[in-house]
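Peer 1: I would like the atomic coordinates for the input below:
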Amino acid sequence: MLEYVKTILQKVSFSKYLFERELKKGLRYLIPAELEEFRIWCYETFGRIHQPILNRYFIPV
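Peer 2: Okay, here's the model as predicted:
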């Protein structure tokens with residue numbers, strides 16, 4: 001499921017609204033063991049563009 005959520009976020013990253021909506025959904029789908037890897041990936045991939053959104057859902061890196 002982790003790879004699926006990553007793919008969706010990459011496809012909707014052009015829109016802050018869609019990105020936040022899909023991030024919320026993605027967090028519900030992931031198991032706890034995947035969350036840390038997902039958080040790191042999100043900040044590495046989208047930290048420059050969507051950092052305020054990421055900070056709402058994760059503790060900043």
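
Peer 1: tell me which element the spatially closest residue to Cys42 that is not a sequence neighbour falls in.
Peer 2: Excluding its sequence neighbours, the residue lying closest to Cys42 (Cβ to Cβ, 6 or more residues apart in numbering) is Leu54, at 5.5 Å. (C-beta placed from N, C-alpha, C; glycine too.) Leu54 is part of helix 32-57 when elements are defined by DSSP states H and E.

Peer 1: Would you mark the buried spots in that helix?
Peer 2: 34, 38-39, 42-43, 46, 50, 53-54 (16 or more other Cβ atoms under 10 Å).

Peer 1: Let me know the closest of those residues to Leu2.
Peer 2: Among the buried residues of helix 32-57, Glu34 lies closest to Leu2 (Cβ to Cβ), at 4.7 Å.

Peer 1: Mind putting the buried residues of helix 32-57 into TSV with distance to Phe14?
Peer 2: Below are those laid out as TSV (distance: Cβ to Cβ, whole Å):
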residue	distance to Phe14
Glu34	25
Phe38	20
Arg39	21
Cys42	16
Tyr43	18
Phe46	11
His50	11
Ile53	13
Leu54	16
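
Peer 1: Out of those residues, the closest to Leu27 would be?
Peer 2: Of these, the one sitting nearest to Leu27 (Cβ to Cβ) turns out to be Phe38, at 7.9 Å.

Peer 1: Tell me if I'm right that that closest one and Leu30 touch.
Peer 2: Yes - taking Cβ atoms under 8 Å as the definition, Phe38 is a contact partner of Leu30 at 5.9 Å.

Peer 1: just checking, what packs against the one helix or strand Leu23 maps to?
Peer 2: In the assignment (DSSP H and E), Leu23 maps to helix 16-29. Based on contacts counted as 3 or more Cβ pairs under 8 Å, 6 or more residues apart in numbering; DSSP states H and E, the elements that helix 16-29 packs against are helix 2-12, helix 32-57.
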